[in-house]
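> After the sequence you'll find the predicted model.
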Amino acid sequence: MPELPEVETIRRQLQKKIVGRVIGGRKVIGLRRRAKILIIDFENGASLIFHLKLTGQLIFNGKPSQYTRKVFIFDDGSKLIFNDARKFGWWKEVKETKKIEKGFGPEPLEIDLETFKNLLIKRPNAKIKPLLMDQKFIAGIGNIYSDEILYAAKVHPSRRAKTLKDKEIEQIFQNIRKILDEAIKYQGSSVEYYVDACGKKGNFVKYHKVYQKEGQKCSRCGAIIKKLKIGGRSAHFCPNCQK
DNA sequence: GACAATGTTACAGT
DNA sequence: CACTGTAACATTGT
């Protein structure tokens, strides 16, 4: 389940490995990320863009498997392997990326508290968990990190934006930074299929406090972690700590 | 064979 | 029109 930290991990690794290499006459000049989209920029202005969705993997010089959907071969013989067991992921080549850049809400690691507060004012009745996952509201956060952020902030996932106190909004804002930064530091979360560009699993699952921990004890208070469907998605939280 | 996984989108409702 | 909620869709392993 690649979300912002996983895609960012892959971006940073591929940046080191493929910049300067050439695919079909086009030289790679850099890699960017927007929301959960990975963008490979070529010298001629075109870009290759990827969305890994549930089970996508991008592995540099990996071995093809039964789930390999595409192999990009560089002119020095090195390879970029795109695997995707569930086939929800996609890639395409585009002449320009303006549409992609503008189609999402702000990047969570690039906004300040004021901006975040102003965003929330526009969506007073939305529940906070689906809101954090809404890519048009804020980009790059999915189910894992919305659960972990709200646990760290001690806010119940069903709370509506307009009921949040200033202190709680600050906590959510600060923990968006903290959790995403830490997850990037640990190369992301490998829940099922995710591996980084080296084919290695991310280590952040060790630090998950609530995601997929239904029935286990809360590490803060010992209460039993619960799971609820909110906005059609599973939400994991501590019914005691998160009000 | 039903179900769950999740990001995205279409559409219904307020 | 703006916002919110729900369902459907892509596919496959369990």
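Cool, the structure landed.
> and stretch A:199-206, does that touch DNA strand B?
No: with Cβ under 7 Å from any atom of the strand as the criterion, DNA strand B is not reached by stretch A:199-206; the gap is at least 12.3 Å. No exception for glycine: its C-beta is placed from N, CA and C like everyone else's.
> end-to-end on that stretch?
Separation of the first and last residues of stretch A:199-206 by Cα to Cα, to the nearest Å is 18 Å.
> got it, and stretch A:189-205?
From start residue to end residue, stretch A:189-205 stretches across 5 Å - Cα to Cα.
> does it come close to DNA strand C?
No: contact of stretch A:189-205 with DNA strand C (Cβ under 7 Å from any atom of the strand) is absent, the minimum separation being 8.8 Å.
> Can you point out the buried residues in that stretch?
For stretch A:189-205, burial by neighbour count (16 or more other Cβ atoms under 10 Å) applies to A:Ser189, A:Ser190, A:Val191, A:Tyr193, A:Tyr194, A:Val195, A:Asp196, A:Ala197, A:Gly202, A:Phe204, A:Val205.
> wait, what's in contact with the third one?
To tie it back to what came earlier, the one meant is A:Val191. A:Met1, A:Ile144, A:Val205, A:Tyr211, A:Gln212 (Cβ atoms under 8 Å, 6 or more residues apart in numbering).
> Top of these by number of neighbours, please.
Most neighbours among the contacts of A:Val191, by other Cβ atoms under 10 Å: A:Ile144, with 26 neighbours.
> which residue sits closest to it, ignoring its sequence neighbours?
Computed as Cβ to Cβ, 6 or more residues apart in numbering, the closest residue to A:Ile144 that is not its neighbour in sequence is A:Tyr211, at 4.9 Å.
> any idea of the pLDDT on the one you found?
Looking at A:Tyr211, its pLDDT stands at 91.
> And A:Gly105, by the same measure?
pLDDT at A:Gly105 comes out at 90.
> count of neighbours near it?
Neighbour tally, A:Gly105, other Cβ under 10 Å: 17.
> now do A:Leu54
When neighbours are counted by other Cβ under 10 Å, A:Leu54 comes out with 15.
> Repeat that for A:Gly89.
The local packing of A:Gly89 (other Cβ under 10 Å) involves 20 other residues.
> Let me see the contact set for the closest residue to it other than its chain neighbours.
Leaving aside its sequence neighbours, A:Gly89 sits nearest to A:Gly56 (Cβ to Cβ, 6+ apart; 3.4 Å). Residues near A:Gly56 by Cβ under 8 Å, 6+ apart: A:Pro2, A:Phe50, A:Phe82, A:Asn83, A:Asp84, A:Phe88, A:Gly89, A:Tyr193.
> before we move on, what about A:Ile224?
A:Gly215, A:Gln216, A:Lys217, A:Cys218, A:Pro239.
> what comes up buried for stretch A:72-91?
Quick answer for stretch A:72-91 (16+ other Cβ under 10 Å): A:Phe72, A:Phe74, A:Leu80, A:Ile81, A:Phe82, A:Asn83, A:Asp84, A:Ala85, A:Gly89, A:Trp91.
> whoops, I mixed them up, stretch A:103-117
Result for stretch A:103-117 [16+ other Cβ under 10 Å]: buried residues A:Phe104, A:Gly105, A:Pro108, A:Ile111, A:Phe116.
> Present those residues as TSV; the columns should include secondary structure and distance to DNA strand B.
TSV is the format used below for the buried residues of stretch A:103-117 (DSSP: H, G, I helix; E, B strand; the rest coil; distance: Cβ to the nearest atom of the strand, whole Å):
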residue	secondary structure	distance to DNA strand B
A:Phe104	coil	8
A:Gly105	coil	10
A:Pro108	coil	13
A:Ile111	coil	18
A:Phe116	helix	19
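> Good, we can wrap up now.
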